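fold the stuff below for me.
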Amino acid sequence: MTRRLCAALACLALCLGLLAGCASQPQSATVSDNAQRFTAYYFDVFDTMTQVIAYCDSQAEFDRQAEALHADLVAYHQLYDIYNDYEGINNIKTINDNAGVAPVRVDERILDMLELAVEMYDTTNGQLNIAMGSVLAIWHDYREAAEADPSDADNQLPTQEELEAAAQHCNIEDVIIDREAGTVYLADPEMRLDVGSVGKGYAVEQVCQAARERGLVSLSLSVGGNLRSVGSKPQGQPWESGIVSPWDDSLIYNSGSSLLAVVNSNDQALVTSGDYQRFYTVDGVRYHHIIDPDTLWPADYFTAVTILCPDSGLADCLSTGVFCMPLEEGMALIESLEGVEALWCTKDGQVIRSSGFAQYETPLEE
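Numbering: from 1, shown residues only. All right, here's what the predicted structure looks like:
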């Protein structure tokens, strides 16, 4: 499973051209006539593959920019890690380790991300909940055990009783953020944060903005499929991103994979949540990693949900939250948010778009 996922992500990134823009660019922020296309890949952040595409005037300039971008991603990866400790760093794991014990003083980048997550809890009516770590840890452990065995003969499912017991420790109000003191405290000793639904997207957004401030005016960044870009290609050409069919039969995405849509837009992020990449099977049934807070089981409304909006952190939150909502509820939420569009892939093979999504699409090649 892990090897298949890594290969799929690698080929997916290769076949996607990314969307443009981290923010509105000043008139002077254009790609020079001498700019060349450069590409780099990293495999040491957020447990996935990172692809960087940029237009720079020289290899030396690209190397300088890519090194700074990579360093930023590493910093966010360590801050948002829930599994590992790092010397001299208080991260999300540190907060979890001190649940019910004491507030933990943390970097402002953690405070900012957690405040976004709490805001999105309200926006999604609780369907995006970073306080569900105790429940998600149960599913993670069962999935890890299954991935250690190539067959599914002995794979197991959690019981409803153990899930419900863990769910007693998921109250978002027990996440106490003290901005003035710079601390985070989990009032419930059994609570655990899991920021997988927001951390990567938020990091991508901040890294893109930092790259733009360093003068990188033409960048496409994909971190495990979280797509974000700065500026445009030379001559003002926009970045394009293909949304791959989640029903494609191939295990690895490539140039022959079927596309549902090609999005052509500057100053946007594109993030997809789906049931087809991180999962395990029991008795032939697939159990994926996006857990519905209402049922405590994998959400069963859609095969995939794609969010298009100007902020990668927001897109990451919404892709998870909307994935856990019935279509009518999710559509109403998306239509209420300015500058946000969505595409749903339903269990019965339908592709449904929000009202403004089509304006960002370009015709698919025959």
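
in the stretch 1-150 of the chain, which spans are helices?
2-15, 59-80, 92-97, 108-123, 133-147 (DSSP state H, counting those that start in this stretch).

which residues sit against the last one?
With contact meaning Cβ atoms under 8 Å, 6 or more residues apart in numbering, helix 133-147 is reached by 1-2, 82, 96, 152, 155-158, 162-163, 166-167, 169-170, 190-194, 196, 278-282, 287, 289, 291, 296, 298. C-betas here are computed from N, CA, C, even on glycine.

keep only those of those residues that are in strands.
Members of the contacts of helix 133-147 lying in strands (criterion: DSSP state E): Phe279, Tyr280, Thr281, Val282, Tyr287.

any idea how far His288 lies from Cys324?
Distance of His288 to Cys324, computed by Cβ to Cβ, to the nearest Å: 12 Å.

hmm, back to that, pick out the most distant pair among the ones in strands among the contacts of helix 133-147.
Between any two of the ones in strands among the contacts of helix 133-147, the greatest separation by Cβ to Cβ is 10.3 Å, found for Phe279 and Val282.

quick check: ChimeraX command selecting the buried ones in the contacts of helix 133-147.
Command for ChimeraX that selects the buried part of the contacts of helix 133-147, burial taken from 16 or more other Cβ atoms under 10 Å:
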select :1,82,96,155,158,163,166,169,170,191,192,193,194,196,278,279,280,287,289,291,296,298
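
nearest spatial neighbour of Phe43, skipping sequence neighbours?
Nearest residue to Phe43, sequence neighbours excluded (Cβ to Cβ, 6 or more residues apart in numbering): Met49, at 5.6 Å.

burial of the one you found, as a residue count?
24 (other Cβ atoms under 10 Å).

who touches both of Phe279 and Val282?
Counting by Cβ under 8 Å, 6+ apart, nothing touches both Phe279 and Val282.

can you pull the pLDDT of Lys200?
Here the pLDDT value assigned to Lys200 is 98.

could you do Ala20 as well?
So Ala20 comes in at 32 (pLDDT).

same deal with Ala13?
Ala13 is given a pLDDT of 40.

so, low pLDDT: which residues of the stretch 101-250 of the chain?
150, 249-250 (pLDDT under 70).

could you rerun that using 90?
147-154, 225, 229-232, 235-242, 244, 247-250 (pLDDT under 90).

break down the stretch 201-350 of the chain into its strands, ranges please.
With DSSP state E, counting those that start in this stretch, the ranges of strands along the stretch 201-350 of the chain come out as 218-223, 226-231, 240-244, 259-264, 269-274, 279-282, 285-288, 302-309, 341-346.

surely Ile290 is in contact with Asp300?
No. Contact criterion Cβ atoms under 8 Å: Ile290 and Asp300 do not qualify, at 9.9 Å.

between those two, which has more neighbouring residues?
More neighbours surround Ile290 than the other of Ile290 and Asp300, with 23 against 12 (other Cβ under 10 Å).

phi, psi of the more buried one?
phi -90, psi 110 (degrees, to the nearest 10).

list the contacts of it.
Ser273, Asp275, Pro298, Ala299, Thr320, Phe323, Cys324.

run a quick neighbour tally on the closest residue to Asp81 other than its chain neighbours.
Take Asp81 and drop its neighbours on the chain: the residue closest to it by Cβ to Cβ, 6+ apart is Asn91, 5.4 Å away. Neighbourhood size, Asn91 [other Cβ under 10 Å]: 22.

could you check how far Asn91 is from Ala210?
Asn91 is 19 Å from Ala210, where distance means Cβ to Cβ.

before we move on, what about Gln156?
As judged by Cβ to Cβ, Gln156 and Ala210 stand 44 Å apart.

do Asp248 as well
35 Å.
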